[in-house]
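# Generate coordinates for the sequence data below:
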Amino acid sequence: MTLAIESFVRDDRPCIRLRAADGASAEVSLHGAHVLSWKPAPDRERLYLSPNASRAAGSAIRGGIPVIFPQFAGHGPLVKHGFARLLEWRFAGIEPSGADGMEAATFELTDSEYTRSLWPSRFVARLQVALAPSRLIVGLSVHNPGDAPFAFTAALHTYLRVGRLAQVDLSGLESTPYEDSARKSVAMPATGTPVRFDGELDHIYPAAPCELTLHDGEQTLRIASEGFRDAVIWSPGATLAASIGDLGAGEHLRFVCVEAATVVEPVTLDPGERWVGVQRLQE
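Residues are numbered from 1 along each chain as shown. Reported below is the predicted structural model:
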């Protein structure tokens, strides 16, 4: 599928819009290589972007698909969720995606004097965004061009727009134990039932199945991952959402986060090695 590309500015930040021949589109900010929008058809948005998302320089964007690298959450010495989502990436053009061989918009972040002051490793991170009929493919790759190994954790922190949170459930994790981050990472057994979103929920599922399904009334969204070992499921609930400045009261009802992640055990790359993780969303 041939992609049409156009540049535009949103909230004073340069962005790229992808359009496919069937009318599907996606928007990506160069700030964080952050996917802001996915419309598999005109006027049908499938990602959530907070109306209160920060526009401040150096801040993360609330919603869409933030790139988490090289550290997940506060599990390490770096700023929460790492620095990749806070920096400007370079648009490298249209290239075949490494995962599917399709045309993909490619974005690149390399180490700099600034990143090495925070994290000493040399790296090349690339995000590829591709459109197929009723499908969004997002691939993250990390290459070690240096002469020393390094370890990292990573995730695609995907905010999925929902209609009525009370009728939403996520299937595929019924047999998978999890860590409850909302309860100080206590280990919990598998529930045997789909995930429901009836309050604050923050679960890490180690060695998660690679195929999940989000049910939202009559709508379904299939969520597949490759290369990512784990899954993170997050919904802030009413109290936490109201306390988050770039989210706000009631906004928790409009989304759930289903994250393709490798966070329980870090990935270690030797010199010259490359890691790739992919998330596919399909109606």
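# what about the stretch 51-200 of the chain, any weak spots by pLDDT?
Filtered on pLDDT under 70, the stretch 51-200 of the chain yields the residue ranges 98-99.
# Tell me which stretches of it form helices.
Here the stretch 51-200 of the chain has its helices, by DSSP state H, counting those that start in this stretch, at 113-118.
# In this structure, spot the strand with the most residues.
Under DSSP state E, the strand in the chain containing the largest number of residues is strand 255-269.
# Give me the distance between the most centrally placed residue in the chain and residue 32.
Geometric centre of the chain, nearest residue: residue 156, 2.2 Å, by Cα atoms, centre = their mean. From residue 156 across to residue 32, the span is 12 Å (Cβ to Cβ, to the nearest Å). C-beta coordinates here come from the backbone N, C-alpha and C atoms, glycine included.
# list the residues that contact both of those two?
Residues touching both residue 156 and residue 32 (Cβ atoms under 8 Å, 6 or more residues apart in numbering): 66-67.
# give me every residue that touches the residue located most distally from the centre of the chain.
The centre of the chain is farthest from one residue, residue 147, which by Cα atoms, centre = their mean lies 29.0 Å away. Shown in contact with residue 147 (Cβ under 8 Å, 6+ apart): residue 271.
# likewise residue 116?
The contact partners of residue 116, taken as Cβ under 8 Å, 6+ apart, are residue 122.
# Roughly how far does it sit from residue 145?
Noted for residue 116: a distance of 13 Å to residue 145, by Cβ to Cβ.
# Overlap of the contact sets of these two?
Residues touching both residue 116 and residue 145 (Cβ under 8 Å, 6+ apart) are residue 122.
# surely residue 266 meets residue 154?
No: assessed by Cβ atoms under 8 Å, residue 266 is found out of contact with residue 154, at 9.1 Å.
# More neighbours: which of the two?
Under the criterion of other Cβ atoms under 10 Å, the comparison of residue 266 against residue 154 puts residue 154 first, with 26 against 17.
# Name the nearest residue to that one, ignoring sequence neighbours.
Closest residue in space to residue 154, ignoring its immediate chain neighbours: residue 69 at 4.6 Å, by Cβ to Cβ, 6 or more residues apart in numbering.
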